[in-house]
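# With the sequence up front, the predicted model follows.
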Amino acid sequence: MEFSASPYARALGSQLHQLHPSLQSYFSGVAPGRVGIGEGNFERIGTRRRWLVPFLRPLQRLGVLVAGWHTGIPLRVENRVVAGRAVAKRTLRLPGGDWTMHDSVGLTPNGRLVDSLGAPATVSAAFDTRVADGAVLLRSRAVGLRLGRLRVWIPGVLSPVVRLREARDSATEAQRVDVTIDLPLIGRVYEYGGTFTYRIEEDER
């Protein structure tokens, strides 16, 4: 059975080997017929800015992000590689019921990751990728919205900046992820962070 490397592995290249073996496995991809399962807890997720909540609710319905602020949220992740893209489904047990975030990550010809979020894909972000101190770091260079068949990139002076850090938590030996979104002139508008354990198993789907 041929292994399909994820776009993360292709973007990281030789830097992949600077990571802990568990992170190497996570970012290398998933073979056909297998699925990566993550289970853990988000210590925090959402926005602390109440005035933003009404504007974020449509994005929550589309599986992009959570409107509101929550702590201590159980999390389950399913990762697959489909046609060269890393496809993830993250299900959160929110107080009002389960909610699922959908994203699909591809690699551009110039080696930049592009993450499309939502079902259907509604928001896209292009990232620079690097490894530092054993962690994978992503920083957005452009953020866009999909309007019908068109993807419209937000001008840089107005564009949110998305940062992701993914590393091994030495205290718990779990995997830790932290994401922040900041807007020019406003500051932090969204964030999430937590830990999870990860395994690869047969895909029963």
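Looks like it came in fine. Residues are numbered from 1 along each chain as shown.
# Past the helix or strand bottoming out on mean pLDDT in the chain, which element shows up next along the chain?
Least confident helix or strand, the chain: strand 150-153 with a mean of 88, by mean pLDDT, DSSP states H and E. Remark: after strand 150-153, the chain's next helix or strand is strand 161-169, criterion DSSP states H and E.
# That next one: partners in the sheet, and parallel or antiparallel?
Strands that pair with strand 161-169, judged by DSSP bridges, come out as strand 135-147 (antiparallel), strand 174-183 (antiparallel).
# Do a quick rundown of the helices in this structure.
Counting by DSSP state H, one finds helices in the chain at the ranges 7-12, 21-28, 53-61.
# Could I get the buried residue list for the longest one?
The neighbour-count criterion (16 or more other Cβ atoms under 10 Å) identifies 56, 59, 60 as the buried residues of helix 53-61. All C-beta atoms are positioned from the backbone trio N, CA, C, and that covers glycine.
# Surely the first one is in contact with residue 47?
Which is residue 56. Yes. Taking Cβ atoms under 8 Å as the definition, residue 56 is a contact partner of residue 47 at 6.5 Å.
# which residues do these two both contact?
Here residue 56 and residue 47 have 67, 68, 190 as joint contacts, going by Cβ atoms under 8 Å, 6 or more residues apart in numbering.
# which of those lies closest to residue 119?
Set against residue 119, the nearest of the shared contacts of residue 56 and residue 47 by Cβ to Cβ is residue 67 (16.2 Å).
# show me what contacts the closest one?
If you count contacts by Cβ under 8 Å, 6+ apart, residue 67 has them with 46, 47, 52, 53, 54, 56, 57, 59, 60.
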